[in-house]
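K.L.:
Predicted coordinates and the sequence they were generated for:
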Amino acid sequence: MIYAVANQKGGVGKTTSTVNIAAALALMGNRVLLVDADPQANATSGVLGGERPGPGARTMADVLLDGVPVASACMRTTVPGLDLVPASGDLAGAAVELVEREGREGLMRAALAAPAAEYGFVLVDCPPSLDLVTINALVAADRLIVPVQCEYYALEGLSRLMETIGEVRARLNPALGISGLLMTMHDPRTRISGEVVAEVRTHFPGLVFEAVVPRNVRVTESPSYGEPVVRYDPQCAAAAAYMQVAREVVERG
Ligand SMILES: Nc1ncnc2c1ncn2[C@@H]1O[C@H](COP(=O)(O)OP(=O)(O)OP(=O)(O)O)[C@@H](O)[C@H]1O
Ligand SMILES: [Mg+2]
C-alpha cells in the first residue's frame, strides 16, 4: 500500500509525521519504504543518524527525471526494517522539468510499482505545494494522510487540497482514498488547539485520526540526531501518539 503524506501548507508536520509513522510501522515488524519527494530533504536527514547520502548516491530526482529504478536509490536507515529513497536539492527543478514529459503525472506511480509489491508500506513525504511532484505522489498513492496543524488557520488550504484530490480521482487515480487527517502540534494548554480539533472533526466526520499528536520538545530535538522521535524517545507523548497513529493506519486499511 502506498501512502502520500501531503498538505500544500508549509510547516504543518508532514515530514515529522511521515518519518514517524514510517518508523512506527517498521518497529511494529513491517517492511517500510520512506520516499523523500521534497527537495528540502528533511525526511532524508531525519532517518540517517547524522549520515548523509554519499556524493554518488542516487536520489528521488534520478528516479523521477532519469528513470533510475527505486531499488538502486534505496538506502538503509537507522531503523531496522525502514529503507529510504533519499531526496536532494536536485529535486527542486523537477516539477518544472516534468511539465514537458510524456505521462508526466504517472512517473512516480510507475517507479513505485515494484517497491509496493516488496514493501508492506510505502510512505511518500510531499513538498509544501501542489506542484507536479505532489501530483505524482497523489497519482501513485492508494491512500492520503493529511497532517493538519492545530492552529487558527488550520482549515485554510484544505478545501483546495480536497479539490485537487477530486481532480486526481476524476482523471488519473480513481482509487485514491483518504487514510486520515492527522492533527499535529496540539497544545493542551491553549483553548484554540482543542477548538481546532473539534472544528476539523466536525468538518470532516470520520476522517480524522483519533490520535492527536501533541506539541513536544522531543520532536524538535530528534531531527538533529537524525532519528525519528519514536526511536529517539519512545516514552514521550508524541512518540506514543505516532505509534497509535500507525496502528490506526493499519486498522483503516
Ligand atoms: N509534535 C510536534 N511538536 C513540536 N514540534 C513539532 C511537532 N511536529 C512538528 N514540529 C516542528 O514543526 C516544524 C515543521 O514540521 P515539519 O518539518 O514536519 O513540517 P512540514 O509540513 O514537513 O514542513 P514543510 O512544509 O516545510 O515540508 C519542524 O521544526 C518540526 O520539528
Ligand atoms: Mg516537510
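P.N.:
Yep, that arrived. Numbering: from 1, shown residues only. Ligands and ions are numbered 1, 2, ... in the order given.
K.L.:
Please make it C-alpha for all contacts and neighbour counts, starting now.
P.N.:
Fine.
K.L.:
Tell me the gap between stretch 13-32 and the middle of its chain.
P.N.:
9 Å (C-alpha atoms, centre = their mean, to the nearest Å).
K.L.:
By proximity to ligand 1, which residue of the stretch 151-253 of the chain wins?
P.N.:
Across the stretch 151-253 of the chain, the shortest distance to ligand 1 (C-alpha to the nearest ligand atom) belongs to Arg215, at 3.3 Å.
K.L.:
Enumerate every residue touching the closest residue to that residue other than its chain neighbours.
P.N.:
Nearest non-adjacent residue to Arg215, counting by C-alpha to C-alpha, 6 or more residues apart in numbering: Met185, 4.0 Å away. If you count contacts by C-alpha atoms under 8 Å, 6 or more residues apart in numbering, Met185 has them with Gly13, Gln149, Cys150, Val213, Pro214, Arg215, Asn216.
K.L.:
Phi and psi next, for the nearest residue to the fifth one once chain neighbours are set aside.
P.N.:
It stands for Pro214. Closest residue to Pro214 apart from its sequence neighbours, by C-alpha to C-alpha, 6+ apart: His186 at 4.3 Å. Here is the backbone geometry of His186 (degrees, to the nearest 10): phi -70, psi 130.
K.L.:
Would you mind confirming that His186 makes contact with Val212?
P.N.:
Yes - here His186 reaches Val212: they are 6.9 Å apart, a contact under C-alpha atoms under 8 Å.
K.L.:
so how far is the worst-scoring helix or strand of the chain on mean pLDDT from its chain's centroid?
P.N.:
Sorting the helices and strands of the chain by mean pLDDT, DSSP states H and E puts helix 94-98 at the bottom, at a mean of 91. Relative to its parent chain, helix 94-98 has a centroid offset of 20 Å by C-alpha atoms, centre = their mean.
K.L.:
what's near enough to touch Asn30?
P.N.:
Gly81, Tyr119, Gly120, Phe121.
K.L.:
out of those, which one sits closest to ligand 1?
P.N.:
When the contacts of Asn30 are ranked by distance to ligand 1 (C-alpha to the nearest ligand atom), Phe121 comes first, at 19.2 Å.
K.L.:
before we move on, the earlier item: and the residue of the stretch 151-253 of the chain closest to ligand 1, what is it in contact with?
P.N.:
Thr184, Met185, His186, Asp187, Ala238.
K.L.:
can you map out the helices along this structure?
P.N.:
14-27, 42-45, 60-66, 70-73, 94-98, 107-118, 132-140, 158-171, 191-203, 217-221, 229-232, 237-252 (DSSP state H).
K.L.:
which parts of this structure sit against ligand 1?
P.N.:
Residues of the chain found near ligand 1 (C-alpha under 6 Å from any ligand atom) are 10-16, 127-128, 184-185, 213-217, 219-220, 238.
K.L.:
in stretch 81-101, what counts as buried?
P.N.:
Neighbour-count burial for stretch 81-101, with 16 or more other C-alpha atoms under 10 Å as criterion, is recorded at 81-88, 91-92, 94-95, 98.
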